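# Sequence and computational prediction follow.
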Number of protein chains: 2
Amino acid sequence: MADTDLQEREEPVEVRESGAELDEENRLKPDFVDDVRSSLEEGDTGRTYELVEPLHPADIADLFELLDRDERRHLAAAITDLMSSEVIAELNDYVREDMVEDLAPGAVADIAGQLDTDDAVQLIEDLDEPHQRSILAELDPENRAVITAALAFPEESAGRLMQRELVAVPEHLTVGDLIDYLRQADDLPTEFWEVFVVDARFHPIGTCQLSWIMRTPRHVALTDVMKRDQTLIPVDMDQEEVALRFQKYALISAAVTDESGRLVGQLTVDDIVHIISEEAGEDTLLLSGAGEGDINEPLRDAYSARVRWLIANLGTAVVASAIIAAFGAAIEQLVALAVLMPIVASIGGNAGTQTMAVTVRAIAMNQLTRSNTRRILWRELRVALMNGATIAVLIGLAVGAIFSPALGGVIAAAMVVNIIISGMAGVLVPVAFDRMNQDPAVASSVFVTMITDSMGFFAFLGLAVASGLVNA
Amino acid sequence: MADTDLQEREEPVEVRESGAELDEENRLKPDFVDDVRSSLEEGDTGRTYELVEPLHPADIADLFELLDRDERRHLAAAITDLMSSEVIAELNDYVREDMVEDLAPGAVADIAGQLDTDDAVQLIEDLDEPHQRSILAELDPENRAVITAALAFPEESAGRLMQRELVAVPEHLTVGDLIDYLRQADDLPTEFWEVFVVDARFHPIGTCQLSWIMRTPRHVALTDVMKRDQTLIPVDMDQEEVALRFQKYALISAAVTDESGRLVGQLTVDDIVHIISEEAGEDTLLLSGAGEGDINEPLRDAYSARVRWLIANLGTAVVASAIIAAFGAAIEQLVALAVLMPIVASIGGNAGTQTMAVTVRAIAMNQLTRSNTRRILWRELRVALMNGATIAVLIGLAVGAIFSPALGGVIAAAMVVNIIISGMAGVLVPVAFDRMNQDPAVASSVFVTMITDSMGFFAFLGLAVASGLVNA
């Protein structure tokens, strides 16, 4: 390869399909991790290096995440030259931040200088201001300007995620011109999948996939090969929106443009897959009130996110309790009411959670809009009726047999009422938050739980009184 | 473009960044959908066509999903020649299945013939056997063989997802040979991002990204450009595993090999992003017991998935009730116990759900393995202690002030106990399911809920008796 100009290309890396280090699900084997651990404990740097050396950078990153905080420091010291920019880029945000905090600004600047813009930004964006400034001061002027510009964009925007490195060519080239240019240029990105054609003002006017270029004779004009219509990503677009566009239009890469329409960067799908996975997985965590929900999140952050949620739910539980308190006399007359009331609330809660999960997911995937809300509501009402009827029969018969037919009737009726209310709340609460431009995953479940709990107790105890089973 | 051989390339499609049809979140505007609806109602086919024609295929697919069942049929009839293979491929599975069921086998075979293998397989894999057979019979022998072979692989495996179409070349070629071959060949896939180099037995021995080839002089041997180590996907690998590999190793495409190591197809990231999103979003739905949770799922499927879950939860609620029943005498003495007991259970349930969501997500992302389970358990125990202490103080003081200091002490202690138990259950239950090779998202929450509810009631009522506040 001495006569090619491909020095920039990444080193070949080994991906062993059935490597000794990985189990059948491609996770590092516990035995292997234990070996690394004991080599670190014994201070046997040679052995540590030997163990880690065959790993893919992504697996080295995984190894760091599996180790404890102290072990991570020892590992980093033992394998300095294996700590490539790829390992750094693959590290979990919290683990990376934690490791970077310990490094001198000059060392971080060295690493940042080797990374693509997007990875360099990720490396320092979560550090505190003074630390950030001292790292930026150590960077060479060009990198500093690029990274400072990226940091000026809002968090989680296309501007933060994009790579500045891209291939943009003027429109008068032929296919042959382009290939010659690519063979000579030495400042090309390490990886690119399409070539952007720009006009004199650097506005994108078309895009060529590399496969189209390779299949076309040299004399053909680029403007005859390129696709004129392309998905342009505005630099301030939120990453969730970016991820949806990549999915919807099956993009491999896309041009990022500033307010004036100038081409300023590109996004490639390998950076977006992380976002897609994050955004899709995030709802599970948000709905449960677990905040970021990353197992590497610092303890105080996990505590503060979760306890706030528990306090909010304490509020809703108190509302439910107040309803029970209003029926204190009824419970004193018939303690079976206290025994059975959690069943009504609990099943209602489950039914509400089901509907809410479906609704939140559909909203996130842009599948539920004003155009079909009514249809979905009607659909959920029918599901709730069917579920309500089934559960009511089961619990009604059981309670009728064990306690009394009258109480069986009351709990069956309460169950139908509560499952229907829960189903409607499960759609309407997230839809309402979405219409108010709030993320439905964040706050819906507090409200849905409050409704399902309170209505569960109210319907059951209220029907017990209304039916004359007990006196209020 | 008359002198190129690019006829196969997809038609240029319009993606209007601020098209009149799309809102700022890239969803079809309700007004636009209403216009289409009224044109369908009026039977004004010309108007319908005019409205839909400017849309990107992915947006036409969205439009179908937003419409009712009957409207979909009318729309399909009105815009037959806009119903491209891309529209079909982008349709939601349920909507596609529903529409395909109405078509004659010959018509479906015509569509399948135009699609890439993976999309053709998706088109017919969910149909019932006889329908499938009659469509296959209408296909030309080559397509039939390919699709039949794909259907022989397990559902959700790489074999079902892969495209047979790929570019594989022998190892003796130079870069120039390859480019000449690509310019002449007319049976290439519509899109490809890397070229696979194979030996005489068609085993992959290396891979070249197109950008590497384009940057290399014509006389260089391919074997000097290619990367020898690549991620190979076994044909029977589950799609969840495939998605994780693409994410972890930032793949754009990957070779699929059969048991003997022969190259049989390729997977490209644009097909995998859907899987990544599906698999990551699925946990939200599984944890809530909403099954597939697709708003287009037939009613009977949604009912059957959800009611089974509700019945399972009915079981757990009955267990909790039995515990309350054991303390019937205590409740008769002090009705405040009945008023307050749901608070303890509810907050415990929330704390357990938080921990469970974090754990399930970490397992799904391969971040939680045997190597760090103990550390995570210890971490969650500390979070639970902090949460438990906070909530206990709040509820203890409030109950102490409103009811009695003794009852405040009892509920505070019960809260600490239940939050700790919930936190531990939230980690241990999903980890246990994972070790038994069961999907932790599917069954964990029934068990965690049972533990948090039962222990909530037991801790509170039990402590009330043990403290002498009431008699058992």
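Received, thanks.
# Helix, strand, or coil at A:Asn366?
Judged by DSSP: H, G, I helix; E, B strand; the rest coil, the three-state class of A:Asn366 is coil.
# That one against B:Asp23, yeah?
No - counting by CB atoms under 8 Å, A:Asn366 stays clear of B:Asp23, with 9.8 Å between them. Where C-beta positions appear, they are placed from N, C-alpha and C, glycine not excepted.
# pLDDT weak spots in the stretch 201-350 of chain A?
By pLDDT under 70, the stretch 201-350 of chain A has no low-scoring segment.
# so where do the strands sit in it?
For the stretch 201-350 of chain A, the strands defined by DSSP state E, counting those that start in this stretch cover A:204-209, A:232-234, A:253-257, A:263-268.
# Partner strands of the second one, with direction?
The one in question is strand A:232-234. Strand A:232-234 sits in its sheet next to strand A:253-257 (parallel), going by DSSP bridges.
# Give me the most central residue, chain A.
A:Glu278 (1.5 Å; CA atoms, centre = their mean).
# Excluding covalently adjacent residues, which one is nearest to it?
The shortest distance from A:Glu278 to any non-neighbouring residue, by CB to CB, 6 or more residues apart in numbering or on different chains, is to B:Ala280 (7.9 Å).
# go on, A:Pro105?
With CB to CB, 6+ apart as the criterion, A:Pro105 has its nearest non-adjacent residue at 4.1 Å, and that residue is A:Ser134.
# A:Ala104 is in contact with that neighbour, correct?
No - contact criterion CB under 8 Å: A:Ser134 and A:Ala104 do not qualify, at 9.0 Å.
# So which of those two has more stuff around it?
A count of neighbours by other CB atoms under 10 Å in any protein chain shown puts A:Ser134 above the other of A:Ser134 and A:Ala104, at 15 against 11.
# Can you tell me how far the more buried one is from A:Ala107?
Counting by CB to CB, to the nearest Å, the separation of A:Ser134 from A:Ala107 is 11 Å.
# One more: A:Thr80?
10 Å.
# quick one, which of these two is more surrounded?
Under the criterion of other CB under 10 Å, the comparison of A:Thr80 against A:Ala107 puts A:Ala107 first, with 13 against 8.
# Next, the more buried one: secondary structure please.
Under three-state DSSP, A:Ala107 comes out as helix.
# cool, A:Val465 as well?
Once three-state DSSP is applied, A:Val465 turns out helix.
# residue contacts, it?
If you count contacts by CB atoms under 8 Å, 6 or more residues apart in numbering or on different chains, A:Val465 has them with A:327, A:330, A:471-472.
# List only buried entries from these.
Among the contacts of A:Val465, those scoring as buried are A:327, A:330 (criterion: 16 or more other CB atoms under 10 Å in any protein chain shown).
# Tell me which two of the contacts of A:Val465 sit farthest apart.
A:Phe327 and A:Asn471 (10.5 Å; CB to CB).
# Dump the C-alpha coordinates for stretch A:210-222 into PDB.
Provided in PDB are the C-alpha atoms of stretch A:210-222 (Å, rounded to 0.1, in the frame of the first residue of the first chain):
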ATOM      1  CA  LEU A 210     -20.100   6.700  -4.300                       C
ATOM      2  CA  SER A 211     -21.600   3.700  -5.900                       C
ATOM      3  CA  TRP A 212     -23.300   5.900  -8.600                       C
ATOM      4  CA  ILE A 213     -19.900   7.500  -9.300                       C
ATOM      5  CA  MET A 214     -18.100   4.300  -9.600                       C
ATOM      6  CA  ARG A 215     -20.500   2.900 -12.100                       C
ATOM      7  CA  THR A 216     -20.400   5.900 -14.400                       C
ATOM      8  CA  PRO A 217     -17.800   6.500 -17.200                       C
ATOM      9  CA  ARG A 218     -15.200   9.200 -16.500                       C
ATOM     10  CA  HIS A 219     -16.500  11.800 -19.000                       C
ATOM     11  CA  VAL A 220     -20.000  12.100 -17.600                       C
ATOM     12  CA  ALA A 221     -20.700  15.400 -15.800                       C
ATOM     13  CA  LEU A 222     -21.400  15.100 -12.100                       C
END
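# touching chain B at all, it?
Yes - Stretch A:210-222 comes into contact with chain B (CB under 8 Å from any CB of the partner chain), by way of A:210-217, A:220.
# Buried residues of that stretch, list them for me.
In stretch A:210-222, counting by 16+ other CB under 10 Å, buried: A:210-216, A:220, A:222.
# Which single one of those residues is nearest to chain B?
A:Leu210 (3.9 Å; CB to the nearest CB).
# B:Leu210 is in contact with that closest one, correct?
Yes - using CB under 8 Å, A:Leu210 is in contact with B:Leu210, at 3.9 Å.
# shared neighbours of the two, which are they?
Common contact partners of A:Leu210 and B:Leu210 (CB under 8 Å, 6+ apart): A:193, B:193.
# Can you give me the domain boundaries for chain A?
A:30-159, A:168-285, A:298-466 (automatic domain parsing).
# The last one: end-to-end distance?
Taking CA to CA, to the nearest Å, the first and last residues of domain A:298-466 lie 52 Å apart.
# and that domain, how far out from the chain's middle?
Between the centre of domain A:298-466 and the centre of its host chain there is 27 Å, according to CA atoms, centre = their mean, to the nearest Å.
# Same question for the second one.
The chain centroid and the centroid of domain A:168-285 are separated by 24 Å under CA atoms, centre = their mean.
# now do the same end-to-end measure for it.
40 Å.
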